[in-house]
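> Got a sequence here, can you build the structure:
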Amino acid sequence: MSDAKLTAPLSTLQWIERDKLKPNDYNPNKVSAENLKLLTRSILANGWTLPVVVRPDLTIIDGFHRWTVAGEEPLRSMLDGKIPVVIVRHADEAGDIYGTITHNRARGTHLLEPMKAIVKRLLAQGKSVEEIGKQLGMKPEEVFRLSDFSREDFLNMMIRGRDEYSKAEMFATI
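Okay, the predicted model is just below:
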């Protein structure tokens with residue numbers, strides 16, 4: 001493959017009306033509602049870092065979930081209804097399908113041991129279980145499983161930093 005062909009999609013980068021794009025009818029990748037919320041949070045925190053990949057007819061090859069969340073508030077308003085796209089021209093539909101699958105599979109999966117190390121590192125930096133859960137899209141139970149702490153130590157971490165409860169007072173009526 002020539003250098004020009006390798007970089008060709010980036011030369012097509014443009015912001016297009018989101019509603020002009022259409023999903024393909026073969027994407028086997030599904031994302032939970034929780035992970036769609038996490039994707040939105042990621043875009044809000046990091047900015048839009050990956051364009052949607054489309055065919056010349058604006059059918060999505062990769063980026064269906066980014067396209068999906070861009071249609072919801074607050075992203076729709078913040079982006080003025082547009083999303084960044086790059087156009088890829090394949091010789092046939094098989095090339096489009098291969099593109100969809102290889103984009104999805106190339107992203108990989110998160111391995112258990114590195115995720116444990118990340119959670120422990122964040123906890124060691126003083127990040128709360130609540131913050132880690134929110135930022136990484138995890139429930140407290142998942143953070144606990146990855147932390148390798150005892151149940152008691154973990155529960156103490158969960159309440160660390162919360163305001164002390166006020167002492168009960170008895171009021172007597174005369």
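> Spell out which residues sit in contact with the residue nearest the centre of the chain, please.
Of all residues in the chain, the one closest to the mean position by Cα atoms, centre = their mean is Leu39, 2.8 Å from it. By Cβ atoms under 8 Å, 6 or more residues apart in numbering, the contact set of Leu39 is 31, 65-66, 69. The C-beta positions use only the backbone N, C-alpha and C, and glycine is treated the same way.
> hang on, it in a helix?
Yes - assessed with DSSP: H, G, I helix; E, B strand; the rest coil, Leu39 lies in a helix.
> thinking again about what came up before, any idea which of the contacts of Leu39 has the most stuff around it?
Arg66 (24 neighbours; other Cβ atoms under 10 Å).
> For Glu72, see how far away that residue is.
Distance, Arg66 to Glu72, using Cβ to Cβ, to the nearest Å: 11 Å.
> roughly how far is stretch 61-69 from the heart of the chain?
11 Å (Cα atoms, centre = their mean, to the nearest Å).
> Rounded mean pLDDT for that stretch, please.
Mean pLDDT, stretch 61-69: 96.
> Stretch 100-111 too?
Stretch 100-111 comes out at a mean pLDDT of 77.
> got it, and stretch 8-19?
Mean predicted confidence for stretch 8-19 is 93.
> Now do it: distance from first to last residue.
24 Å (Cα to Cα, to the nearest Å).
> neighbouring contacts of that stretch?
The contact list for stretch 8-19 (Cβ under 8 Å, 6+ apart) reads 51, 53, 58, 67, 70-71, 76, 79, 81-88.
> 10 Å instead, please
1-2, 4, 48, 51-54, 56, 58, 61, 66-68, 70-71, 75-76, 79-89 (Cβ atoms under 10 Å, 6 or more residues apart in numbering).
> Give the rounded mean pLDDT of stretch 33-45.
For stretch 33-45, the mean confidence score works out to 94.
> Buried ones in that stretch, by neighbour count?
By 16 or more other Cβ atoms under 10 Å, the buried positions in stretch 33-45 come out as 36, 38-40, 42-43.
> can you tell me which of those residues lies nearest to Phe149?
Leu38 (23.6 Å; Cβ to Cβ).
> Let me see the contact set for the closest one.
Shown in contact with Leu38 (Cβ under 10 Å, 6+ apart): 31-32, 69, 134-138.
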